[in-house]
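Enquirer: how would this look folded up:
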Amino acid sequence: MASLPLGPQQHHHNPPPDHLYHHHHNALDQAPLPPAAVKLSATTASHNMDTDKEMTGPMVEGHDPLTGHIISTTIGGKNGEPKQTISYMAERVVGTGSFGIVFQAKCLETGETVAIKKVLQDRRYKNRELQLMRLMDHSNVISLKHCFFSTTTRDELFLNLVMDYVPETMYKVLKHYTNSNQRMPLIYVKLYTYQVDPLTHQVKICDFGSAKVLVKGEANISYICSRYYRAPELIFGATEYTTSIDIWSAGCVLAELLLGQPLFPGENAVDQLVEIIKVLGTPTREEIRCMNPNYTDFRFPQIKAHPWHKVFHKRMPPEAIDLASRLLQYSPNLRCTALEACVHPFFDELRDPNARLPNGRPFPPLFNFKQELAGASPELINKLVPEHIRRQAGLYFPSPHPAGT
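Expert: Model prediction:
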């Protein structure tokens, strides 16, 4: 959460089916330390964009790239830039889904390894991924290098997004520990949840295929987000939701890192709600109204909430349980914000100037907040950025309460 709040004010990231679980369907055989780079899928953001305006890029005709094939395209040529031909060797398929396919490829000119996401362009559906990726510039978001269109012998049109290649996933990191009958060390849970990889200093969010910019008063699709991470208001059919659905997803990821398995492993939409009710109990009428004011069917069996401390193992720190419970609230407006989550006592260890990684090395940079602090109160900033960091950076904010009052 550190560098990129999981629920920013304008953008809403819904994890799609490739999210934390099922990412490329790989397992990690050996990993004495967390892998070198990690990515998380994302999927929700806000602002209705005209898909056709921004859907521009060079065209590769009659090409149906499979592994071993070379894909050549032209970049540049705008605003006086020289045109440049760039070629990629498609090396292997690293992901497939309803969206299309993702290749690992190598740039023949530079030797750089990239990921190419090939997406079928279906006029029946809006695809805002290209526009959103062009807007985003953040160390915790996968970067778009360039894009091009291609056609196949069947006259299908595909958008090809050329992006950073990130070899590891949160799924694979967690799988390493569960395969070894181990729990992820709590310090790594804190660092990954705070959105920093202990080795590369980064977790990158990827896959904005279902993303959009939320506009107040504009209806959205409720059938969104990977099932295990789907907020209850989506299951209740809400079409006017907020970025708090991402906070719910973040809570599901935190719980999964703590447990070593999904907290709410529903087999379908109805079963997903059953799994949530098993833990949170039956939602009250007021909670259902908060999730979807238009929902009128209140016939649910009355199930008591399962105590949070019994959801996790006995030695789980109470701060971890408390943070999970604050993220996983039925009422969207009761869930804490991303910045509020970052100042939670669960992360206090990360603010200790003397704390170290298990290998004795210092923590990576954790407090490089930038646009995330826009509009934040001095009190919140003082909590987010510890005193020793503020001193180094010359950041001082007066306390909202005078001393002695």
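
Enquirer: what comes up buried for stretch 263-274?
Expert: Buried residues in stretch 263-274, counted by 16 or more other C-beta atoms under 10 Å: 263-264, 266, 272-273. The C-beta positions use only the backbone N, C-alpha and C, and glycine is treated the same way.

Enquirer: Let me have those in CSV, adding distance to Gln121 as columns.
Expert: Converted to CSV, the buried residues of stretch 263-274 look like this (distance: C-beta to C-beta, whole Å):
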residue, distance to Gln121
Leu263, 36
Phe264, 34
Gly266, 31
Gln272, 30
Leu273, 34
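
Enquirer: From these, which land in helices?
Expert: The helices, defined by DSSP state H, take in 272-273 from the buried residues of stretch 263-274.

Enquirer: and which of the buried residues of stretch 263-274 is nearest Lys78?
Expert: Minimum distance to Lys78 across the buried residues of stretch 263-274 is 46.0 Å, recorded for Gln272 (C-beta to C-beta).

Enquirer: distance between the lengthiest helix in the chain and the chain's centre?
Expert: Looking across the chain with DSSP H, the single longest helix is helix 244-259. Centre-to-centre, helix 244-259 and its host chain are 10 Å apart (C-alpha atoms, centre = their mean, to the nearest Å).

Enquirer: for stretch 319-335, same thing?
Expert: 18 Å.

Enquirer: Only the buried residues of it, if you could.
Expert: In stretch 319-335, counting by 16+ other C-beta under 10 Å, buried: 320-321, 323-332, 335.

Enquirer: same thing with stretch 212-223?
Expert: Result for stretch 212-223 [16+ other C-beta under 10 Å]: buried residues 212-214, 220, 222.

Enquirer: what two of those have the greatest distance between them?
Expert: Val213 and Ser222 (17.2 Å).

Enquirer: distance of Met163 from Leu327?
Expert: Met163 is 29 Å from Leu327, where distance means C-beta to C-beta, to the nearest Å.

Enquirer: Kindly report the same for Asn333.
Expert: Taken as C-beta to C-beta, the span from Asn333 to Leu327 is 13 Å.

Enquirer: Over to Tyr177?
Expert: Taken as C-beta to C-beta, the span from Tyr177 to Leu327 is 22 Å.

Enquirer: ditto for Pro293
Expert: As for Pro293, its distance to Leu327 is 23 Å (criterion: C-beta to C-beta).

Enquirer: any weak-confidence spans in the stretch 1-150 of the chain?
Expert: Counting by pLDDT under 70, the stretch 1-150 of the chain contains low-confidence ranges at 1-68, 77, 125-126.

Enquirer: which stretches of it form strands?
Expert: For the stretch 1-150 of the chain, the strands defined by DSSP state E, counting those that start in this stretch occupy 11-12, 38-41, 59-60, 70-75, 84-97, 100-107, 113-120, 144-151.

Enquirer: Determine the set of other helices and strands touching the longest helix of the chain.
Expert: Packing partners of helix 244-259 (3 or more C-beta pairs under 8 Å, 6 or more residues apart in numbering; DSSP states H and E): helix 170-179, helix 186-193, helix 232-235, helix 318-327, helix 338-342.

Enquirer: Buried residues in the first one, which are they?
Expert: When you say that, I think you mean helix 170-179. 170-177.
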